[in-house]
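**Student:** Would you be able to build a 3D model of this:
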Amino acid sequence: MESGSNIKNRLLKATKSFTLIGVLALILGIIAVVYPQAFGEITTQILGIVLMLGGLARAIFAGAAFSFSSMFLRWIYAVVMIVAGVWIFMNPDMGLEALTIVLGVYFIVDGITSIVYSFSLMPIGGGTWVLINGILGIVLGILIFSKWPQSSEFVVGIYLGIKLIMDGISLVITGYVLRKSLDAISLSDN
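**Tutor:** Have a look, this model is predicted:
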């Protein structure tokens, strides 16, 4: 069984990770808001590269299938991923429109889960900010769908930037609250 000091040290490391990731998300969010169109296009091209690499990996490991039909389906899936990745990479504007829809769905789903998660944080503090973040995510998702496709060239950068800033603030606050709770527990143990 792990000692209390080992658990505390692991939790302290976790709070530092929350804070570091939160600060990085804040910085990335600010860059996205300042340069929304470039950020959206870069995000789309990165998605294209990820799809191409994922398709290539699937093609390489398709030979590990137990049957010919399974291997054949894996190769087809790999080819589809590679073609989609190349198409998105070569056509970032059209890919950006599709990505905008995906981002709208993501914001709504993430907003709902953030709201649910916020209620578990309310007793220890920090839940209010996560609740606001969740509501903002849902609002951003609805706004994306109400302005699509005209707003695709700037929506991804600006809205993703706003979301990254909010997530960054939430993570920094969560890290702070957890650290404060750990300090309070340590004081009460002494």
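
**Student:** Now that we're looking at the residue lying closest to Tyr176 once chain neighbours are set aside, what pLDDT does it have?
**Tutor:** Of all residues beyond its chain neighbours, the one nearest Tyr176 is Thr19 (7.2 Å), with distances taken as Cβ to Cβ, 6 or more residues apart in numbering. C-beta here means a position set from N, CA and C on the backbone, and glycine is covered the same way. Residue-level confidence at Thr19 comes out at 84, pLDDT.

**Student:** Let me know the helix or strand that Thr19 is in.
**Tutor:** In this structure, Thr19 sits in helix 4-34 according to DSSP states H and E.

**Student:** which is the next helix or strand following that helix?
**Tutor:** Toward the C-terminus from helix 4-34 - assigned by DSSP H and E - lies helix 36-61.

**Student:** between the helix or strand just after that next one and helix 36-61, how big is the angle?
**Tutor:** Tracing the chain C-terminally past helix 36-61 and defining elements by DSSP H and E, one meets helix 68-90 next. For helix 68-90 against helix 36-61, the angle between stretch directions is 160 degrees (axes from the mean of the first three to the mean of the last three Cα atoms, to 10 degrees).

**Student:** Show the average pLDDT along helix 68-90.
**Tutor:** On average, helix 68-90 scores 81.

**Student:** So which other helices or strands are in contact with the helix or strand that it is followed by?
**Tutor:** Once helix 68-90 ends, the next helix or strand along the chain (criterion: DSSP H and E) is helix 92-121. Helix 92-121 is packed against helix 36-61, helix 68-90, helix 127-147, helix 152-189, with contacts defined by 3 or more Cβ pairs under 8 Å, 6 or more residues apart in numbering; DSSP states H and E.

**Student:** Mind giving me the packing neighbours of the third one?
**Tutor:** Going back to what we said before, that points to helix 127-147. Using 3+ Cβ pairs under 8 Å, 6+ apart as the contact test, the elements touching helix 127-147 are helix 92-121, helix 152-189.
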